[in-house]
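A.B. asks: no letters, just coordinates:
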């Protein structure tokens, strides 16, 4: 079975990821306009019609902006927890509300079969209405998405270490955030247990929990003000080399760009 993965956008201005198995695709979050999703997929030869559903991590605007359009115009089912769906429909950015016909519910730690995909949502600590990561198994291979979280709980760790392919947040460089121009309340929100992960925290976790079956790590949701792809990459690379793991040789490592799509990965 041929699998394809692509980051369409990854950052506070919008998040959206595409995963497919033999032409059947799903989106993780939809925080960019539907026309952009169609355009980005089309440029790499993927028909938009291959998208069969959207799985939502939480109800912040940069993860849900186009859900209304995707539901109303393209009749895509939108999967999220019950509380997240309530938050979605109350969010200011949802000018197009989700209809009951496209609303689907997921439960944490309960696996849902969707086509070829086995999708398991799990609890992550963040300040949305309700928040999940996803472990998605297809054809014996496991993708794990953890895109917004303030700290790594035992639950998060238990799912992440199962991954063959990992999309994990490295939101900010601690020095850049501390010295930056953000107001103090925003700095405290970002660094709180319900905020975001720093490069160092993600790097340390990966170094301490590296598995032989982990093939590629994509660092996601990088801050535009308090991070840079090269800094995130180097921070993680340094920690991995400290435990004898060489990025590019022992494991793939990519820092995703915020507003431009990644290459299309095929497995």
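C.D. replies: Structure's in. What do you need? Everything numeric here is computed off the predicted structure, so don't read it as measured data. Numbering: from 1, shown residues only.
A.B. asks: use CA for all of it now, contacts and neighbours both
C.D. replies: OK.
A.B. asks: ok, then the element right after the lengthiest helix in the chain?
C.D. replies: If you go by DSSP state H, the chain has its longest helix at helix 229-242. Going down the chain from helix 229-242, the next helix or strand is strand 252-255, by DSSP states H and E.
A.B. asks: what's opposite the nearest residue to residue 117 once chain neighbours are set aside in the beta bridge?
C.D. replies: Spatial nearest neighbour of residue 117, excluding adjacent residues (C-alpha to C-alpha, 6 or more residues apart in numbering): residue 138 at 5.0 Å. On the basis of DSSP bridges, residue 138 is bridged to residue 141.
A.B. asks: test my guess that residue 54 contacts residue 30.
C.D. replies: Yes: counting by C-alpha atoms under 8 Å, residue 54 touches residue 30, with 7.3 Å between them.
A.B. asks: those two: who's more crowded?
C.D. replies: Counted by other C-alpha atoms under 10 Å, residue 54 and residue 30 do not tie: residue 30 has more neighbours, with 29 against 25.
A.B. asks: for stretch 110-122, buried residues please.
C.D. replies: 111, 116, 117, 118, 119, 120, 121, 122 (16 or more other C-alpha atoms under 10 Å).
A.B. asks: next: stretch 92-112.
C.D. replies: Buried, per 16+ other C-alpha under 10 Å, within stretch 92-112: 93, 94, 96, 97, 98, 102, 104, 106, 107, 108, 109, 111.
A.B. asks: next: stretch 201-221.
C.D. replies: The neighbour-count check on stretch 201-221 (16+ other C-alpha under 10 Å) flags 201-203, 206-207, 214-221 as buried.
A.B. asks: could I get those residues as CSV with secondary structure and distance to residue 183?
C.D. replies: Listed next are the buried residues of stretch 201-221 as CSV, based on DSSP: H, G, I helix; E, B strand; the rest coil; distance: C-alpha to C-alpha, whole Å:
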residue, secondary structure, distance to residue 183
201, helix, 22
202, helix, 24
203, helix, 26
206, helix, 30
207, helix, 32
214, coil, 38
215, coil, 39
216, strand, 35
217, strand, 32
218, strand, 29
219, strand, 25
220, strand, 23
221, coil, 20
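A.B. asks: cheers, nothing more for now.
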